[in-house]
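Student: Any chance you can model this:
(one chain, ligands or ions: 1)
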Amino acid sequence: MKINELKTPCYVIDEGKLTENLKILHHVMQRTGAKILLAQKAFSAFCEYPLIGKYLSGTTASGLYEARLAQEEMGKENHVFCPAYLPEEMDELVKICDHIVFNSVSQFLVHKEKIKKAAAGISTGLRINPECSTQEGHEIYDPCGTGSRLGVTRAELDKAIQNGFDLSQIDGFHFHTLCEQNSDALETTLDAVEKKFGDLLYGRKWLNMGGGHHITKAGYDMEKLEDCIRRMQETYDLEIYLEPGEAVALNAGYLETTVLDIVENNGIKILVLDTSAACHMPDVLEMPYQPPLYGAGKAGEKAETWRLGSATCLSGDVVGDYSFDGPLQVGDLLLFGDMAIYTTCKNNTFNGMPLPDINVLRENGSVENLKHFGYADFKMRL
Ligand SMILES: Cc1ncc(COP(=O)(O)O)c(C=O)c1O
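Tutor: From the prediction side, this is the model:
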């Protein structure tokens, strides 16, 4: 099958691009000795886990289901972090995870007996909050904002220690503060981590520096990343983990859509597509951001500017304005780029929108259908 013969709307995972990203990440691992995990929340198309497992050390999960998926489909290091675990989840997690990270001392204390009793040795971690915001413009992604529930602040950790908490029960620290950022933001964050928690890093075995590192994006400062990793390895004798999601599958997928109708409002020409930002690419509205569209330019750049909207009832369900060399027609196929991350694992069937099929573009150029969704997938969740 060819990419322009697929039933739309559909996602296409680009295995060649995925492999390119994995090679870049593997290179960082080889050069520094750090371990890199796939953050499954960004990309959990498990058909690619055997490929990803060839290059990365394992996975990190946001809870039991992702941890199970990793154990079933990759079977390498299996880390989990969740702001709070249910007792029955912990019963399962201790059987399948090797690293369990807690968001608070109180959560650790609730579950510590299960960890101690687990047959396999489990490495315990505590998420720390260095209270260092390096991002602007999307507070929803900033775990260091005032009032954040994510990670223990130094003040709270000190209170717990004063009340008798024995930190030697915690093997590693974890922080996640970045979002699509370069290594200068990591460097700034490490300054804050050292300032706030440096004395406590000495007793730990590992440090997980979270995700949000845009390592596979052109222009990423790799040298600075490697310096950051070495700095923490050498100063504190720590094993270093990174757990990017985006960087693993950045630009490694497409969303193909068909133009269903063309309408006009006050001189604005609008394409109605068989896809939806709200349903199939939720980060377009949540981040917000405008994905690349093949053959199109930014609004006003090319001869004709069109607004790309969806077939749902939500007025704001618009992908954005793009410009084209010439007019478009009903039936035209359009291809959005960077549609592997935070799409297949985040989509929904609002308005009864069909879920896009999932296809894979192999390195030899052939396209295979992996998943087909229909009415039953919509109905079973309701
Ligand atoms: C704890 C944690 N780790 C890793 C990630 C992955 O981040 P990214 O996909 O931006 O690399 C996230 C994203 O929200 C996260 O919350």
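Student: how many other residues sit next to whichever residue of the stretch 51-200 of the chain sits closest to the ligand?
Tutor: As assessed by C-beta to the nearest ligand atom, the ligand sits closest to His176 within the stretch 51-200 of the chain, at 3.7 Å. Every C-beta, even on glycine, is put in place using the N, C-alpha and C of the backbone. Residues near His176, counting by other C-beta atoms under 10 Å, number 23.
Student: Could you pull up the residues touching it?
Tutor: 81, 127, 143, 150-151, 209-212, 243 (C-beta atoms under 8 Å, 6 or more residues apart in numbering).
Student: Could you look up the SS state of it?
Tutor: Assigned with DSSP: H, G, I helix; E, B strand; the rest coil, His176 falls in the coil class.
Student: That one and Glu136: what is the separation?
Tutor: Counting by C-beta to C-beta, to the nearest Å, the separation of His176 from Glu136 is 17 Å.
Student: The residue most central in space within the chain sits in which helix or strand?
Tutor: Central residue of the chain (C-alpha atoms, centre = their mean): Ala42, 2.8 Å from the mean position. Assignment of secondary structure by DSSP states H and E places Ala42 within no helix or strand.
Student: Distance check, the residue lying closest to it once chain neighbours are set aside against Glu66.
Tutor: Distances taken as C-beta to C-beta, 6 or more residues apart in numbering put Gly245 closest to Ala42, at 2.5 Å, once the chain neighbours are dropped. Separation of Gly245 from Glu66 (C-beta to C-beta): 11 Å.
Student: helices and strands around the helix or strand hosting Gly125, which ones?
Tutor: Take DSSP H and E as the rule and Gly125 turns out to sit in strand 123-127. Counting contacts by 3 or more C-beta pairs under 8 Å, 6 or more residues apart in numbering; DSSP states H and E, strand 123-127 packs against strand 77-81, strand 99-102, helix 105-117, strand 172-174, strand 206-208.
Student: now the fourth one: mean pLDDT?
Tutor: Averaging pLDDT along strand 172-174 gives 98.
Student: Run through who's touching that strand.
Tutor: 81, 99, 101, 123-128, 151, 193, 197, 200-201, 204-208, 210, 238-239.
Student: what's the spacing between it and its chain's center?
Tutor: Relative to its chain's centre, strand 172-174 lies at 19 Å (C-alpha atoms, centre = their mean, to the nearest Å).
Student: For it, which strands pair with it and how are they oriented?
Tutor: Counting by DSSP bridges, the strands paired with strand 172-174 are strand 123-127 (parallel), strand 206-208 (parallel).
Student: Next, the residues that contact the last one from outside, please.
Tutor: If I follow you right, that is strand 206-208. 60, 79, 99, 101, 123, 125, 171-175, 201, 232, 236, 238-243.
Student: likewise the longest one?
Tutor: Outside strand 123-127, the residues that touch it by C-beta under 8 Å, 6+ apart are 79, 81, 98-103, 105, 108, 112, 115, 150-152, 157, 169-176, 205-206, 208.
Student: Let's see the PyMOL selection covering just the buried ones among these.
Tutor: Selection of the buried residues among those in PyMOL, burial being defined by 16 or more other C-beta atoms under 10 Å:
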select buried, resi 79+81+99+100+101+102+103+105+108+115+150+151+152+157+170+171+172+173+174+175+176+206+208
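Student: hmm, stretch 76-93 in reach of the ligand?
Tutor: Yes. Stretch 76-93 lies within reach of the ligand by C-beta under 6 Å from any ligand atom, at Phe81.
Student: no, scratch that, I was asking about stretch 112-127
Tutor: No. Judged by C-beta under 6 Å from any ligand atom, stretch 112-127 and the ligand are separated, with a smallest distance of 7.6 Å.
Student: now for that stretch, what's the gap between its first and last residues?
Tutor: Start-to-end span of stretch 112-127 (C-alpha to C-alpha, to the nearest Å) is 15 Å.
Student: Which positions within it qualify as buried?
Tutor: 114-115, 118, 122-127.
Student: Residues of the stretch 1-150 of the chain that sit close to the ligand?
Tutor: 39, 41-42, 81.
Student: ok, so of those residues, who is nearest Gly295?
Tutor: Ala42 (26.4 Å; C-beta to C-beta).
Student: Show me the contact partners of stretch 159-170.
Tutor: Stretch 159-170 has contacts (C-beta under 8 Å, 6+ apart) with 105, 108-109, 112, 124-126, 152, 157, 200, 203-204.
Student: Am I right that Leu334 sits in a strand?
Tutor: Yes. Under three-state DSSP, Leu334 sits within a strand.
Student: who's in contact with the closest residue in space to it that isn't next to it in sequence?
Tutor: Spatial nearest neighbour of Leu334, chain neighbours left out: Thr257 (5.3 Å); criterion: C-beta to C-beta, 6+ apart. By C-beta under 8 Å, 6+ apart, the residues touching Thr257 are 8-9, 273-275, 333-336.
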